[in-house]
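**Q** Sequence and predicted structure below; questions after.
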Amino acid sequence: MMSDETVSAIALTELPRKESFFKPHRIVLMGIAALLVFSIVWFMRWDWVPKYSGRLVSGVGVTLLMLASTSIIGFLLAVPIGLVQVTGPWPLKALARGFCTVVRGTPLLLQLWLLYYGLGSLFPQFPGIRNSFLWPYLREAWPYGVAALTISFAAYEGEVMRGAFAGVPAGELEAARAYGMSRFTLFRRIWLPRAVHRALPTLNGETVLQLKSTPLVATITVIDVYAVVSKVRQETYITYEPLLLLALIYLCLTAVLVVGFRYFESKIPTRGA
Amino acid sequence: MADAGSMINWGLLALEPPGWGGVLLAGLWNSIQIAVGGYGLGLLLGTGGAMGKLYGGPVTKDLLEVYTTLVRAVPELVLILILYYAGTDVLNQISAALGWGPVDVSGLAAGIFVIGVVQGAYSTEVLRGAIKAVPAGQIEAARAYGMSPGQILRRITLPAMLPHAIPGLSNLWLIATKDTALLAVVGFSELTLVTRQAAGATKAYLLFFCAAGVLYLMLTLVSNVLIALIERRYRRGMAEPA
């Protein structure tokens, strides 16, 4: 079980605060940083950026699309996966646990290649699949990328949701039952919202981790921002500059995610502090 | 259609050369070496980083903050590429400046360095949290006994924070074993890359990727058993976690 602390140790989940930011030594440090940035801009080669800017922007779009679609579908899958591990009958419980163990126990890159090369080489052998309406999509790379990322997010987040469902105080559920709520109403009104609230800080970290996993889809020919930068490096023989720009882009995307989640968390009413 | 048993050519997994089993196991061994090396290097960097973040001067704290922020916000794959090229480049330039000519950096050393730097940032954060969980009175008592900072670290801080750090550190170990797969992208022949080569050569994609998956899963499950043993030992005398 991955705790909140581990997730925030491997994924950025908070940004520095404004009020405590300016201190005397930081002005010196920022001066040095500004000098560093200036020399990077001045002495390194950036003449390729205008030529590739259009492709870079569409690459960022693909990355964000991958992130959003796989996190949302993955989260929708994670809710039942977490729920059956808490209350489900034992075959479902065992199935969900096995799914989480297998997916979390193997590298995402391997799962991605298993789906793309393995299933991708298997599908054409079945005429039923080749004649189906899905075939034009199954010949592309992105469905495999979406599938692999979704499965991975569902497994990690399913584990988080299991803890969140189990952690909702029993008294609240008993109170709902005493009010005569049906099982579904109880789930919709009390259990799910309380569990999501508990899972939200971890969800933030998991989403940043998901963003950090998206460049893997470039290895199966999906043209995300990482693939665009690889293309730039191949065509221009420039080693570092595209990678630095790429790191900067991911840094900004992570910051946007963190700010978005902070806003979202502040919208949820909590009692007391 | 023939039955499934005859469709799978198990002979491809044989250990001897027409089969690829030996190649896969060699890849697994490479992965484990890199994971162990990178994790160890990460622990060293992490201990230093956590100490610097908690007890260092303002400049040290800020520089370490930049390090952990960057590593936690940028994908491992991108970091691995940057560190891989920059690391070998810097090493070559140093050796050229010393007049030794270009050095040939082994893939193993480069992989350990790359995974270690990434893991270093992660374990800085884990260890910092664990050290903060040690009651301040214990460290003050050690200081009152006149222990030097090194002695305090060795005798009080490290042993006392270990139970708090073990869950996080074991997760980092599992992450390290899985992050080695990313080195396939820079062409280091660890398990994932040799699996892809074997699969490409024999066209038995599903068989080889599933076999490699089983190997990774076994590594994870064996690690889990060992982690449970270690955790039980270091949690002696502590209350059961809720």
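**A** Cool, got the structure.

**Q** Distance from the helix of greatest length in chain B to the middle of the chain?
**A** Using DSSP state H to assign secondary structure, the helix with the most residues in chain B is helix B:21-55. Averaging C-alpha coordinates over helix B:21-55 and over its chain gives two centres that are 4 Å apart (C-alpha atoms, centre = their mean, to the nearest Å).

**Q** mean confidence score for the helix or strand that that helix is followed by?
**A** As assigned by DSSP states H and E, the chain's next helix or strand after helix B:21-55 is helix B:58-73. Mean per-residue pLDDT for helix B:58-73: 89.

**Q** after helix B:58-73 comes which helix or strand?
**A** The C-terminal neighbour of helix B:58-73 among helices and strands, as given by DSSP H and E, is helix B:76-97.

**Q** That following helix - contacts with which helices or strands?
**A** Packed against helix B:76-97, as judged by 3 or more C-beta pairs under 8 Å, 6 or more residues apart in numbering or on different chains; DSSP states H and E, are the following elements: helix A:240-267, helix B:107-132. Bear in mind the C-beta positions are built from the backbone N, C-alpha and C, glycine included.

**Q** what's the most buried one of these?
**A** Counting by mean count of other C-beta atoms under 10 Å in any protein chain shown, helix B:107-132 has the highest mean neighbour count of the helices and strands packed on helix B:76-97, with a mean of 23.

**Q** Is any residue of that one near chain A?
**A** Yes: part of helix B:107-132 sits near chain A under the criterion C-beta under 8 Å from any C-beta of the partner chain, namely B:122-123, B:125-126, B:129.

**Q** got the helices and strands packed on helix B:76-97 as JSON lines, with distance to A:Glu159 columns?
**A** Below are these laid out as JSON lines (distance: least, C-beta to C-beta, whole Å):
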{"stretch": "helix A:240-267", "distance to A:Glu159": "19"}
{"stretch": "helix B:107-132", "distance to A:Glu159": "18"}
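
**Q** returning to what we had before: buried residues, the longest helix of chain B. List them.
**A** Within helix B:21-55, the residues that qualify as buried by neighbour count (16 or more other C-beta atoms under 10 Å in any protein chain shown) are B:21, B:23-24, B:27-28, B:30-31, B:34-39, B:41-43, B:45-47, B:49-53.

**Q** Now do it against helix B:58-73, angle only.
**A** Orientation note: helix B:21-55 sits at an angle of 150 degrees relative to helix B:58-73 (axes from the mean of the first three to the mean of the last three C-alpha atoms, to 10 degrees).

**Q** Run the angle between helix B:21-55 and helix B:107-132 for me.
**A** 40 degrees.

**Q** does any part of helix B:21-55 sit near chain A?
**A** No: on the criterion C-beta under 8 Å from any C-beta, helix B:21-55 is out of touch with chain A, staying 9.3 Å away.

**Q** Show me what that helix packs onto, helices and strands only.
**A** Applying 3+ C-beta pairs under 8 Å, 6+ apart, one finds that helix B:21-55 makes contact with helix B:58-73, helix B:107-132, helix B:158-179, helix B:191-202, helix B:205-234.

**Q** quick revisit: using a markdown table, please lay out the residues of helix B:107-132 next to chain A together with pLDDT.
**A** A markdown table is the format used below for the residues of helix B:107-132 next to chain A (pLDDT from 0 to 100):
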| residue | pLDDT |
| --- | --- |
| B:Tyr122 | 92 |
| B:Ser123 | 92 |
| B:Glu125 | 90 |
| B:Val126 | 91 |
| B:Gly129 | 89 |
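
**Q** For chain A, state which of the residues you listed is nearest.
**A** Nearest to chain A, judged by C-beta to the nearest C-beta, of the residues of helix B:107-132 next to chain A is B:Glu125 at 3.5 Å.

**Q** rewinding a little: hey, which of the helices and strands packed on helix B:21-55 is tucked in deepest?
**A** Across those, averaging neighbours per residue (mean count of other C-beta under 10 Å) puts helix B:107-132 on top, at a mean of 23.

**Q** how far does that one sit from the chain's center?
**A** Taking C-alpha atoms, centre = their mean, one finds the center of helix B:107-132 at 7 Å from the center of the full chain.

**Q** next structured bit after that helix?
**A** helix B:136-144.

**Q** Alpha carbons of that following helix, as PDB, please.
**A** Once non-C-alpha atoms are left out, helix B:136-144 reads as follows in PDB (Å, rounded to 0.1, in the frame of the first residue of the first chain):
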ATOM      1  CA  ALA B 136      12.900  16.300  19.400                       C
ATOM      2  CA  GLY B 137      13.600  15.400  23.000                       C
ATOM      3  CA  GLN B 138      15.600  12.400  22.100                       C
ATOM      4  CA  ILE B 139      18.000  14.400  19.900                       C
ATOM      5  CA  GLU B 140      18.200  17.100  22.500                       C
ATOM      6  CA  ALA B 141      19.100  14.500  25.100                       C
ATOM      7  CA  ALA B 142      21.900  13.200  22.800                       C
ATOM      8  CA  ARG B 143      23.200  16.700  22.400                       C
ATOM      9  CA  ALA B 144      23.100  17.200  26.100                       C
END
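
**Q** tell me the mean pLDDT over whichever helix or strand comes after that helix?
**A** Beyond helix B:136-144 in the direction of the C-terminus, DSSP H and E gives the next helix or strand as helix B:149-152. With pLDDT averaged residue by residue, helix B:149-152 scores 87.

**Q** what does stretch B:223-231 give?
**A** Per-residue pLDDT values over stretch B:223-231 give a mean of 90.

**Q** Whether that stretch contacts chain A - can you check?
**A** No: taking C-beta under 8 Å from any C-beta as the criterion, stretch B:223-231 and chain A are apart, separated by no less than 8.5 Å.

**Q** The nearest residue in space to A:Tyr250 that is not next to it in sequence: what's it in contact with?
**A** Here the nearest residue to A:Tyr250 in space, its sequence neighbours aside, is B:Val74; by C-beta to C-beta, 6 or more residues apart in numbering or on different chains that works out to 4.9 Å. For B:Val74, the contacting residues are A:212, A:247, A:250-251, A:254, by C-beta atoms under 8 Å, 6 or more residues apart in numbering or on different chains.

**Q** could those residues be laid out in TSV, adding pLDDT?
**A** As requested, the contacts of B:Val74 are arranged in TSV below (pLDDT from 0 to 100):
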residue	pLDDT
A:Lys212	91
A:Ala247	91
A:Tyr250	93
A:Leu251	92
A:Thr254	92
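
**Q** Closest one to A:Ala141 out of the residues you listed, please.
**A** Nearest to A:Ala141, judged by C-beta to C-beta, of the contacts of B:Val74 is A:Lys212 at 19.9 Å.

**Q** Could you check how far A:Leu186 is from chain B?
**A** Distance, A:Leu186 to chain B, by C-beta to the nearest C-beta, to the nearest Å: 24 Å.

**Q** and that residue, what helix or strand is that in?
**A** Going by DSSP H and E, A:Leu186 is part of helix A:183-186.

**Q** which other helices and strands contact whichever helix or strand comes after that helix?
**A** Reading on from helix A:183-186 to the C-terminus, the next helix or strand found by DSSP H and E is helix A:192-213. With contacts taken as 3+ C-beta pairs under 8 Å, 6+ apart, helix A:192-213 sits against helix A:4-10, helix A:49-87, helix A:142-167, helix A:240-267.

**Q** and the angle from helix A:192-213 to helix A:142-167?
**A** Our comparison of helix A:192-213 with helix A:142-167, counting by the same axes, to 10 degrees, yields an angle of 140 degrees.

**Q** buried sites along helix A:192-213?
**A** For helix A:192-213, using 16+ other C-beta under 10 Å, the buried residues are A:192, A:194-196, A:198-199, A:201-213.

**Q** I'd like to know how far B:Ile230 sits from chain A.
**A** 16 Å.

**Q** Apart from its chain neighbours, what residue comes closest to that residue?
**A** With C-beta to C-beta, 6+ apart as the criterion, B:Ile230 has its nearest non-adjacent residue at 6.5 Å, and that residue is B:Ile166.

**Q** Quick one: neighbours of the residue lying closest to A:Arg55 once chain neighbours are set aside, just the number.
**A** By the measure of C-beta to C-beta, 6+ apart, the closest residue to A:Arg55 outside its immediate chain neighbours is A:Val228, 4.9 Å from it. Residues within reach of A:Val228, counting by other C-beta atoms under 10 Å in any protein chain shown, total 23.
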